[in-house]
Each structure stands twice: as structure tokens, then as C-alpha cells.
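In: Generate a structure from the sequence data that follows.
(2 chains)
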Amino acid sequence: MNEGGEKMSESLNDASLSEQLSIIHTKGTLDWAYPVFILASTAAAMDKKVELFFTFYGLNCLLKDTSGLKVSPLGNPGMVMKSPVGPDWLKRVDWNKALPGLVWTLPGAAKLATWGFKKQMLLEGQVPVEELRALCIELGVSMTACQMTIDLMGYQQSDFIEPISFSGAATYFANTPKTQSLFI
Amino acid sequence: MPCFSRVDVVDIRVDSKGLACPMPVIKLKKALTQNPEQKSVFLLALTDEGGLKDIPAFCQQQKLDWVLLQETPFIEFKVWRMS
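Out: Alright, predicted model coming up:
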């Protein structure tokens, strides 16, 4: 290839790189799953090539059974927890600020918080996370589960939704843009 | 005398009322994919106020023309492909 041709292919490559989004997701709670799938589906709808890499607790987001995706105010001071039901004065109370953190250690607290979070999300016009995940796949988002952490946590490949791929960090980096977006 | 000039253009209604970000954009994208004809005209209805900025941004990036038809009782955009 002559010099001009090389320059052209380089600039084309740069242009296609700017149309890529890559997120490494390590969190296994419901509140962290939403932003990843929201950003990924939007970017895919805008014709960007989207690669998601799920590792450690982030693997929870790819399981067929999403019942493990929960949310808890415990150790999560930024979470706003309001009642999705009841009179208006009750709905305005942020229970994560109003109650001492010790309350969230009680049995059933995570279950209650997860129920409230899901209900609130639906009331605000969000779709269930499984539906958002299916939309991402329909829009062409590539999802990769980290094989090392699958082994570490004792999952089987059959525990995961299809179609996703299984590989390690090196394969992922070889197939993704030079710049990475990291969700810590 | 009736005018038949637009007789072959059927507005495609996309209803994303009651749905939050990112659903209005995704529903519009799906409608665009399902109706690839250049002459297709889309009427997008939504209630998510974030869409007032997001839909024009999406249209600009996707090379679509748009016009805001109304903001109440729900937001409505008319969207079509740039000629």
C-alpha cells in the first residue's frame, strides 16, 4: 500500500474508533446494572459499536436468573430510597437519610429495598432490567463474560443468557477501542 | 379538487408515552429500521421531558430532520430522513 493509502486507512480507522463504546462492568447490584444497559442501548441505537465486558460481580447482570440483582441502602449512602406507595407526604421521605444505617441490616431489608426500587423505576417509566438487556442484544450490543471470574465463582456457561461470548481480558482488549470506559 | 400529492406517504406513529430514557430513542430507532424507505415520516409521541433535548440530538447524529409539533398534553416530534 502506498503512503497515501496508508494515511487514508488510518483516518478511516480513527473515525470508526470514535463510533465505539466500551464499558467494563464489575458491579452486581440492580442500581449499577441500569446505567450500563441504558448507555449501551442508547449508543447502539446511535449506530456505535458497543462492547460490554462483565467481570467479577458484574457477571450477575448476564445470568438468566436475575433474582440475584438486588439493591440495598446498606453501605450505599448515595441511594435515595423513597416509598413508591402511600400518601404524598410519605413518598417525599428519603428513608436512607431518615433512618439509621443499622435498620438496613435487619432481615428482609434488602428485599424491601429491591421491591421499592423496582416499583419506583416502573413508575418513572423505566422498563425491567431484563427487557433493557434484551433490547441491547437486539440492537447489536456485544457482551462478553470474563471466563476467569466465571470459574472463580463457580458458574457454568449454561447459567448465562445467549448470545454472549466468553473470554479473558486479553481477548477483550484485542477487540475493543484503544480507549476504555471503566465503570468501577 | 382533492390533493393526492401525499397519498403514498403514511405517517408512522411511534408511541413512547410514559416511558423514560432511553426508550423514546430506542423506539424511534426501531421504527426507522423497520421502515427504511426514504419518504417515511415518523410521528413520535413521548412524555419524558429529557426527550426535548435528546430527540433533536439523536436526529442530528442520525442525519434526520425534525420539527417539534407540540409540548402539551404530550411531546410530539415529526421526524423524517434528510433528502
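In: hey, where'd the strands end up in chain A?
Out: Using DSSP state E, the strands of chain A run over A:20-25, A:49-54, A:142-146, A:165-167, A:181-183.
In: Make CSV from those and add mean neighbour count to it.
Out: C-beta here means a position set from N, CA and C on the backbone, and glycine is covered the same way. Formatted as CSV, the strands of chain A follow (neighbours: other C-beta atoms under 10 Å in any protein chain shown):
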stretch, mean neighbour count
strand A:20-25, 22
strand A:49-54, 24
strand A:142-146, 22
strand A:165-167, 14
strand A:181-183, 13
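In: Just send the ones you listed back as TSV, with distance to chain B too.
Out: Below are these laid out as TSV (distance: least, C-beta to the nearest C-beta, whole Å):
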stretch	distance to chain B
strand A:20-25	13
strand A:49-54	12
strand A:142-146	17
strand A:165-167	23
strand A:181-183	17
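In: Just give the nearest non-adjacent residue to B:M23, would you?
Out: With sequence-adjacent residues excluded and distances taken as C-beta to C-beta, 6 or more residues apart in numbering or on different chains, B:M23 is closest to B:S16, at 5.3 Å.
In: How about the contacts made by A:V93?
Out: With contact taken as C-beta atoms under 8 Å, 6 or more residues apart in numbering or on different chains, A:V93 is in contact with A:K82, A:S83.
In: If you rank every helix and strand of chain A by mean pLDDT, what lands last?
Out: Lowest by mean pLDDT, DSSP states H and E among the helices and strands of chain A is helix A:3-17, with a mean of 46.
In: Neighbours of A:N60, how many?
Out: 23 (other C-beta atoms under 10 Å in any protein chain shown).
In: residues touching it, list them.
Out: Contacts of A:N60 by C-beta under 8 Å, 6+ apart are A:G28, A:T29, A:A33, A:T66, A:G68, A:L69.
In: Select from these the one having the most neighbours.
Out: Using other C-beta under 10 Å as the neighbour test, the contacts of A:N60 are led by A:A33, with 24 neighbours.
In: Of the contacts of A:N60, which is the nearest to B:E76?
Out: The shortest approach to B:E76 among those belongs to A:A33, at 31.6 Å (C-beta to C-beta).
In: Now do the closest one against A:N96, distance only.
Out: When C-beta to C-beta, to the nearest Å is the yardstick, A:A33 and A:N96 sit 19 Å from each other.
In: just to revisit the earlier point, report pLDDT for the residue nearest to B:M23.
Out: Per-residue pLDDT puts B:S16 at 97.
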